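Chemist: 3D model of this:
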Amino acid sequence: MPVLVIMGGGKGGGKRVATAAVTAAAFAAGRSVAVLKPAQTGVGPGERGDADEVARLAGAVTARELARYPEPLAPATAALRAGLAPVRPHEVAEAAAKLATEHDLVLVEGAGGLLVRFDADGGTLADAAKLLGAPVLVVATAGLGTLNTTELTARELRSRDLDLLGVVIGSWPAGPDLACRCNVTDLTAAAGAPLLGALPEAAGALSPTAFRSMAPTWLAARLNGTWNAEEFTTREAPTPFAPRT
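Modeler: Purely as a prediction, here's the structure:
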């Protein structure tokens, strides 16, 4: 798995912190890692982008952006409004493939969901993943709405013959409600793929030292971690509903 594409169902799902956790766990396992952000939006010149934040949390990662647009919009729209060239899927694939010759693992972090457009021709992260032949890791939210988004994403991936490696919960609350607890078991059915981790809420607010030491405990062995899905599910899932008799 020299290249892994990491994407969410939309904005605010914890994708950046999950990318940092996967990076930190890979570092702890002795692997060299590069993080590629094809299109950084909503960040001005000189400001820290997602790849920079991954490097801050996870360590000496190779962080690269292909393009940066100032407005917090979909990449195609942001590029058009800024009068800048868009990023195209073949450019993403070429950059990731080159980084893969120099690193053990390349993480390609998307912008928003799978079908967010990069250019006016409708190029997406899914097209880049197809060109790379890379598996996809979906970062899901914990609460209501996540099952629908996750299943739609999984279906789209399979319709394109893309490999869904698994699902990571991007932010697991300290006090999960019933929906969150039910979703622990339902997410795997919705995705048709294993649950590969759960990050605690506010993980990104930890110090880099604490983040790096704890990251492997949030991720399964497939992602160089020690997290156990069965133990987590047993602990967090609700007891079966008992109707009144």
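Chemist: right, and A79 touches P86 too?
Modeler: Yes. Look at A79 against P86 with CB atoms under 8 Å: they come within range, at 4.2 Å. Every residue, glycine included, has its C-beta placed from N, CA and C.
Chemist: how about the strands in this structure?
Modeler: Ranges of strands in the chain, per DSSP state E, are 3-8, 33-41, 62-69, 105-109, 136-140, 164-172, 195-200.
Chemist: what packs against the second one?
Modeler: For strand 33-41, the packing partners by 3 or more CB pairs under 8 Å, 6 or more residues apart in numbering; DSSP states H and E come out as helix 15-28, helix 50-58, strand 62-69, helix 75-82, helix 89-100, strand 105-109.
Chemist: returning to that earlier point: output the strands of the chain as a markdown table; include the columns distance to A21, mean pLDDT and mean neighbour count.
Modeler: What follows is the strands of the chain, written out as a markdown table (distance: least, CB to CB, whole Å; pLDDT from 0 to 100; neighbours: other CB atoms under 10 Å):
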| stretch | distance to A21 | mean pLDDT | mean neighbour count |
| --- | --- | --- | --- |
| strand 3-8 | 10 | 95 | 25 |
| strand 33-41 | 12 | 95 | 25 |
| strand 62-69 | 15 | 95 | 19 |
| strand 105-109 | 11 | 97 | 26 |
| strand 136-140 | 10 | 96 | 27 |
| strand 164-172 | 8 | 96 | 24 |
| strand 195-200 | 6 | 97 | 23 |
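Chemist: what's the closest of those to A210?
Modeler: strand 195-200 (11.3 Å; CB to CB).
Chemist: Now tabulate the strands of the chain in TSV and tack on distance to P208.
Modeler: Below are those laid out as TSV (distance: least, CB to CB, whole Å):
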stretch	distance to P208
strand 3-8	20
strand 33-41	15
strand 62-69	14
strand 105-109	17
strand 136-140	20
strand 164-172	18
strand 195-200	15
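Chemist: do you know which of these lies nearest E91?
Modeler: It's strand 62-69; of the strands of the chain, that one is closest to E91 (CB to CB) at 6.1 Å.
Chemist: Distance from the closest one to the middle of the chain?
Modeler: From the chain centre to the centre of strand 62-69 is a distance of 16 Å (CA atoms, centre = their mean, to the nearest Å).
Chemist: Done for today, thanks.
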